[in-house]
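**Q** prediction below, plus the sequence it came from.
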Amino acid sequence: MLRTRPWLVLVAALLAVLGSVVTTQPAAAADGRPFTNPVKAQKGADPWLEYYDGNYYLINTTFTNELLMRRSPTLAGLATAPGVQVWSDTTAGRNANMWAPEFHYFDGHWYLYYVAGQSGAACCDTQRTYVLESAGTDPMGPYTYKNQLTGSNLTPGGWLIDPSVLEYGGRLYLVGSGFVGGSAQSLVIAPMSNPYTVSGAAFTVISQPTLGWETSGAAVNEGPEPLYHDGRTFLTFSASYCQTADYKLGLLELTGTDPLNAASWTKSASPVFQRSDANGVYGPGHNGFFSSPDGTENWIVYHANSSASGGCGNARTTRAQKFTWNADGTPNLGTPVATGTSLAGPSGETATTPTAYTLVNRNSGKCLDVAGGNTADGTNVFQWTCNGGANQKWRVEDQGNDTSRLVNVATGKVLDTADCSTADGADLRQWSWLDNNCQKFRLIYTGGDHVRIANANSGKVADVADCGTADGTDVRQWTWLNNTCQQWRLTPTT
């Protein structure tokens, strides 16, 4: 009888264990849903994007008195997601020219930071920084006004743009772009006592545009954005003038221990993200950062133009791409990718990309429906038990002016206010697209995943007649009464 030596038995056992360890290691997460840039094709400047609780949330500059947010379970879905108004302001002094919104989560609330100016004033000396607070943990709000954030040494009169929040050593710091003591437009910082209060009266300059690549067109440092990696703290920032194709990103690193001391920050000698003529990408800047759903990938979101003469306006579109890290621990943001290039989405995405939405009444639980799926102009729109039919599915299409048109999937026709009436009780029906305000709507967030659907012409909202709950109850327009019969849940579908 052949006897096995004890050490051979031990080696065999170890190999068996190691084999089992190797074979049971989790596989790398699959790529996310394919997408192409731009992620937002209209009014895509100054993007801020967060992934939270199964959805991406995107907000941008509007240049108006309102802020809109998009939500989608996939990055690809943001391209066609409804733009929903999450804030509007009529208060004198801050009711126009809203720029550079960002939202950050602290202590059970989202805080939405943005810039706004005075209606009717010449651009842009009245621009100031403000902050809103969410009622709870929903990134879309509802929000309430909280405070103005300023400092005694900012000129002219408290001018401050592009706010963000830096976290370091258990404290919060407001970073932004402003003028101090006759400086060029520079990066500035001040301590915060809480997410809505600057605790010091003065701001400190931590970076001025002194290098050649920071002064193309105009000497500007703006759009500071924190980035943290392996215990290190960075700030990317936008340099030069957004009117030029040479708008680009620079990099600061906190190499000292005091964020309020300019000597604690070290600037990279060269830009870290800039135009690519080969890819047709010009003026990439004003970025944000986010992680993939599974937390394994780092992504940048930014705006750029597809023309060298695109400038600072609404031609800028929102783009996103994955980035990596250099051997020295600094970010490698790569080269901006050409639009129209198919890219793998962030790893860990599991949801299907929505292509349309149902609109479910909050009171009745029934769907906005084109009667019988009839394709004729004038066909009535009413509520009906949700059944998954194409006549209950709507594409919500951005019109580039903070309004949307609602296109029925079955018929291709749009939600329309009969005869462009402004009266309570005017019928909502479908009609061929005429590109008038009677066919355009604002979706305004009311909380709990619901919106009111306000007509751009009349200002009145989609209302279930007499709060009926029966199939076939008419949907009309009515003055906003803040009841559940006038609220609708946007439910993604395919």
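**A** In hand now; what should we look at? Numbering: from 1, shown residues only.

**Q** okay, and the beta partners of residue 398?
**A** Counting by DSSP bridges, residue 398 is bridged to residue 404.

**Q** tally of neighbours for residue 320?
**A** Other residues within reach of residue 320, judged by other Cβ atoms under 10 Å, total 26. Placement of C-beta: from N, CA and C, glycine included.

**Q** ok, residue 66 next?
**A** Neighbour tally, residue 66, other Cβ under 10 Å: 16.

**Q** tell me the buried residues in the longest strand that the chain contains?
**A** Identified as the longest strand of the chain according to DSSP state E is strand 154-168. Across strand 154-168, burial judged by 16 or more other Cβ atoms under 10 Å covers 154, 158, 159, 160, 161, 162, 163, 164, 165, 166.

**Q** stretch 246-265 too?
**A** For stretch 246-265, a neighbour-count test (16+ other Cβ under 10 Å) marks 246-254, 259, 262, 264-265 as buried.

**Q** quick check: mean pLDDT of it?
**A** Here the mean pLDDT over stretch 246-265 is 98, rounded to a whole number.

**Q** equivalent analysis for stretch 400-413, please.
**A** Rounded mean pLDDT across stretch 400-413 is 98.

**Q** how close does the nearest residue in space to residue 449 that is not next to it in sequence sit to residue 222?
**A** Nearest non-adjacent residue to residue 449, counting by Cβ to Cβ, 6 or more residues apart in numbering: residue 489, 5.3 Å away. Residue 489 sits 38 Å away from residue 222, going by Cβ to Cβ, to the nearest Å.

**Q** quick one, which of the two is more surrounded?
**A** Just comparing residue 489 and residue 222: by other Cβ under 10 Å the higher neighbour count belongs to residue 222, 23 against 16.

**Q** tell me the pLDDT at that one?
**A** Listed pLDDT for residue 222 reads 98.

**Q** next one, pLDDT for the residue nearest to it when sequence neighbours are not counted please.
**A** The shortest distance from residue 222 to any non-neighbouring residue, by Cβ to Cβ, 6+ apart, is to residue 177 (3.7 Å). Residue 177 carries a pLDDT value of 98.

**Q** wait, what's in contact with residue 177?
**A** Residues in contact with residue 177 (Cβ atoms under 8 Å, 6 or more residues apart in numbering) are 160, 161, 162, 185, 186, 187, 188, 220, 221, 222, 223, 224.

**Q** okay, and which of those residues map to strands?
**A** Using DSSP E, these in strands are 160, 161, 162, 186, 187, 188, 221, 222, 223, 224.

**Q** beta partners for the fifth one?
**A** In this case it means residue 187. residue 177, residue 207.

**Q** hang on, it packs against residue 224?
**A** Yes. Using Cβ atoms under 8 Å, residue 187 is in contact with residue 224, at 5.1 Å.

**Q** between those two, which contacts overlap?
**A** Both residue 187 and residue 224 are in contact with 175, 176, 177, 235, 237, 252, where contact means Cβ under 8 Å, 6+ apart.

**Q** so the last one versus residue 420, what's the distance?
**A** The reference is to residue 252. Residue 252 is 54 Å from residue 420, where distance means Cβ to Cβ.

**Q** cool, the fourth one as well?
**A** Residue 235 is 50 Å from residue 420, where distance means Cβ to Cβ.

**Q** what's the answer for the second one, then?
**A** For residue 176, the distance to residue 420 (Cβ to Cβ) stands at 44 Å.

**Q** which of those two has more neighbours?
**A** The neighbour count for residue 176 versus residue 420, taken as other Cβ under 10 Å, is higher for residue 176 (28 against 15).
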